[in-house]
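[1] Need a 3D model of the following:
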Amino acid sequence: AYEREVSSRTSAWEPAMPKPPAAERTRAVDAYGFELQLTPEAARARLRCAASAERRAPRWRVYRVDETDAAMRDARGRRLAKKSSVDANLTRLIRKGVPRDFRRRAWMSVSGAASRRAAAPEGHYARVLRDAENSLKVLRTTNDEKRDGEKRDGDERRKNQKTDDATKKETDVLSTLGSSLAPFAAQIDLDIPRTFPENPLYHGVGAGGGGRAAVRNVLLAYAAEHPETGYCQGMNYVAAFLWLAVSRGEPREDAEGNETGEKKEKASEADTEETTYWLFSCLVDDVMAPEIFARDMRGTLREFRTLSLLLRSKTPKTHAHLARHDMDLCMLQSKWLLCVFTDSFPAETTARVLDVVFAEGHKAWLRVCVAMMVAHGDAIRKAAHVPDAMAILKRAFAEQHDADALLKAAHSRRWVGAFSRQVVAKARTSAVAQLRREAEAAAKARAARESKNARRIAEGNKKGAGGGEEADRAVSAGEEEKNDDEKKR
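    Numbering: from 1, shown residues only. Below is the predicted model of the structure:
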């Protein structure tokens, strides 16, 4: 019955109709604290998804009672190694939605984050965070001393020489760590208050406190442990959403009427924060494609070019339209990847997408993107300008409340078709080759322009040895082109 119901919705899945007047919209607040303005169809979609989740809930009992999580443990890694090694029933259930009160445990198990946490030394997260905070404190103290010109006299220096020798090495190490971490910490402190600005659960408005301090700690610890990556804008939304998902759970009753979930198993704030850290680290390091947060954006460019090549075969008309109007999806909606949909879909839909991403890896992200582009291809093809296309895509994602239909379409052969790892790998290889050729061509063009500018400046200087307006104009034109070229670079 569920399959027939979702299939009927998927078969008629079309872009949303023109936005109705505000008077026709109803206000609601979702499970994660986000306020929604719902059209009648969106409200019905949420009710349908909630009802289907309630019907599926008993099927999760076999996984709830298994304290070892044998079926769920490292499901993503086992799936990548050998698809048949994963419980097919678990895969189907995950695609239809993990119960909200069970997500914390399911995400940790299927993604491999629980195994990473178990393999790490005891207290690993607390130690990394403590070292990061201490390094910033040492750096601030050192800078303050330099700025204020504080110097100890000779007697005090000799008195404390033994202590200084014992702590000098540790101080130098912390100061070095602090120097590399300080720029990231400064940006994190700027971004934390403006993440999900209207969510009271995250910002601590009302009972229960907020997650701003916890999310800051998670991002700071990750930047300290991964100095080559550090912190990139977009990570704040991912970490904040994971904190909301981990900290929010709906109380449930089991078959005996005993309450489970949030009221019975509510974890301490410290454990919620550490769980968020391990999920975030696993998502960035293992689940998603590598280098998407690289400072030169090479991973982001590569994955959006891979998506573009997949669209060429899945929806050639939409791909041709984007190419004809020079619309690069990386420029249109880079936050799909950098925020992993947390700032694009409604929160409840985002959680459903993350169910599949944690269980199946980065390919699930590609599937969802392709499904949305196929569904809204007609509307996109009517946009001849970049701002119009951006508005269409933003609204399409923001109003995708029917998570059942989305995930059904993303795994449908009719909508997305075959999507093997070999197909993705081939597209990614082609994307890398294309980007390399484009970079080489751009470098050659830049070198030619620089050479031309240098010749013009030299000729102007040569002609202007005796002065003259013509020489001044030649030098000025050459330098203007050089400055313009630098701006383009």
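[2] Identify the residue nearest Ile94 in space, chain neighbours excluded?
    Ala359 (4.7 Å; C-beta to C-beta, 6 or more residues apart in numbering). (Glycine included, C-beta is placed from N, CA and C.)
[3] A strand includes the one you found, no?
    No - Ala359: not assigned to a strand; according to DSSP: H, G, I helix; E, B strand; the rest coil it is helix.
[4] Ala81: neighbour count?
    10 (other C-beta atoms under 10 Å).
[5] now do Ser334
    Neighbour tally, Ser334, other C-beta under 10 Å: 17.
[6] And Ala447, by the same measure?
    Ala447 has 10 nearby residues by other C-beta under 10 Å.
[7] could you list every residue that touches it?
    Ala447 sits next to no residue when contact means C-beta atoms under 8 Å, 6 or more residues apart in numbering.
[8] Quick check, pLDDT for it.
    Predicted confidence (pLDDT) for Ala447: 89.
[9] hey, where'd the helices end up in the stretch 101-250 of the chain?
    Along the stretch 101-250 of the chain, counting by DSSP state H, counting those that start in this stretch, helices occupy 103-111, 113-119, 124-148, 154-159, 161-191, 200-203, 212-225, 235-247.
[10] any idea how far Arg79 is from the residue nearest to Ile94?
    7 Å (C-beta to C-beta, to the nearest Å).
[11] give me the element Thr342 is part of.
    Assessed by DSSP states H and E, Thr342 sits outside every helix and strand.
[12] what about it, distance to Met72?
    23 Å.
[13] neighbours of the closest residue to Val29 other than its chain neighbours, just the number please.
    The shortest distance from Val29 to any non-neighbouring residue, by C-beta to C-beta, 6+ apart, is to Glu35 (5.5 Å). Per other C-beta under 10 Å, the neighbour tally for Glu35 reads 11.
[14] got it, and Ser247?
    Around Ser247 there are 24 residues (other C-beta under 10 Å).
[15] Pull the contacting residues for the nearest residue to it once chain neighbours are set aside.
    If the residues on either side of it in the chain are set aside, Ser247 comes closest to Thr272, at 5.0 Å by C-beta to C-beta, 6+ apart. Under the criterion of C-beta under 8 Å, 6+ apart, the neighbours of Thr272 are Ala214, Trp243, Val246, Ser247.
[16] how about 7 Å then?
    Each residue near Thr272 by C-beta atoms under 7 Å, 6 or more residues apart in numbering is listed here: Ala214, Val246, Ser247.
[17] just the residues you listed: which has the poorest pLDDT?
    pLDDT across the contacts of Thr272 is lowest for Ser247, at 91.
[18] Give me the nearest residue to His385, chain neighbours excluded.
    His385 sits nearest to His325 (C-beta to C-beta, 6+ apart), 7.4 Å away.
[19] quick one: Arg27 is in a strand?
    Yes - counting by three-state DSSP, Arg27 is found in a strand.
[20] what's the burial count for it?
    Around Arg27 there are 8 residues (other C-beta under 10 Å).
[21] My read is that it contacts Ala42, right?
    No - counting by C-beta atoms under 7 Å, Arg27 stays clear of Ala42, with 11.8 Å between them.
[22] Need the pLDDT of Phe419.
    Reading off the model, Phe419 has pLDDT 79.
[23] gap between it and Lys363?
    From Phe419 to Lys363 the distance is 7 Å (C-beta to C-beta).
[24] what does Ser334 give?
    With C-beta to C-beta as the criterion, Ser334 and Lys363 are 19 Å apart.
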